[in-house]
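**Q** here are the coordinates; sequence isn't available:
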């Protein structure tokens, strides 16, 4: 993979707690171990937790000064994570935003352009919800992965997210991952329910990337502030994530579409 075929993957899910950060962090490690130059970006502007999950912020300073979080992206505060993954996460204490500003999301997308020469894969861990700035960040990726679990509300929230991305930005392709399943069949059934709900919207294409089993090792890795693939690469959940990573590794990279996208200026320049 060269710099003109950068793979940008947004890991999304409308409902909180479905496992977006688990998937983001461990896919980043898995792809880095395959030789990719990976940057993992915490796109949760309100409550970023990638750094804490990876143990990069072990000293939890609750008295840290408030900062404009976008400043951290502007300053390129890359941290060295496990397996050669570089991590970009805002620092400081969360700030209260009186209004939701799509312009801030566009500014963040633009601010990452200088990173283009240093990576071939960017993974974006996004916020839950349908806030316009979050939707803007998600649609700017080439591949969008929707994480759901076995709860009904998770499925309904995924439907809302897919429809918003389709109707506002024309996004048609989504990868689906079902997390914390009791068995593979129940995960596949959750995917089938999602497909059935979208059967009349024929332009929307869902790709089932697989399931991640419920595994108590996940909780242990969070307690240790380690990526699951570092904590226990042989557990069932780790093996499932490695299978999903292999699919992403083999997947053709989506070409530029000409809308607000990560690394668009660089990619267009390289294709001229």
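**A** Thanks, I have it. All values reported here derive from a predicted model rather than from experimental measurement. Residues are numbered from 1 along each chain as shown.

**Q** what about the strands in the stretch 51-200 of the chain?
**A** 78-80, 86-88, 121-125, 143-148, 173-181 (DSSP state E, counting those that start in this stretch).

**Q** tell me which strands and helices the longest one is in contact with?
**A** Translated: strand 173-181. helix 20-33, strand 143-148, helix 152-169, helix 184-197, strand 205-213 (3 or more C-beta pairs under 8 Å, 6 or more residues apart in numbering; DSSP states H and E). Placement of C-beta: from N, CA and C, glycine included.

**Q** between these, which one is nearest to residue 262?
**A** Residue 262 lies closest, by C-beta to C-beta, to one member of the helices and strands packed on strand 173-181: strand 143-148, at 11.2 Å.

**Q** mind listing the helices for the stretch 1-150 of the chain?
**A** Here the stretch 1-150 of the chain has its helices, by DSSP state H, counting those that start in this stretch, at 20-33, 50-53, 69-74, 102-111, 132-139.

**Q** which helices and strands does the longest one pack with?
**A** For helix 20-33, the elements it packs on are strand 7-12, strand 38-42, helix 50-53, strand 121-125, strand 143-148, strand 173-181, helix 228-231, helix 236-250, judged by 3+ C-beta pairs under 8 Å, 6+ apart.

**Q** List of residues touching it?
**A** 9, 11-13, 38, 40, 49-50, 53-54, 81-85, 121, 123-126, 128, 145, 147, 177, 179, 212, 218, 227-230, 238, 241-242, 244-245, 248-249 (C-beta atoms under 8 Å, 6 or more residues apart in numbering).

**Q** Please pick the buried ones from those residues.
**A** When the contacts of helix 20-33 are checked for burial by 16 or more other C-beta atoms under 10 Å, the buried set is 9, 11-13, 38, 40, 50, 53-54, 81-82, 85, 121, 123-126, 128, 145, 147, 177, 179, 212, 218, 227-230, 238, 241-242, 244-245, 248-249.

**Q** Residue 14 contacts residue 155, doesn't it?
**A** No: counting by C-beta atoms under 8 Å, residue 14 stays clear of residue 155, with 10.0 Å between them.

**Q** Who has more neighbours out of those two?
**A** Taking other C-beta atoms under 10 Å, residue 14 and residue 155 do not tie; residue 14 has more neighbours (26 against 19).

**Q** List the contacts of the more buried one.
**A** 128, 129, 130, 157, 158, 160, 161.
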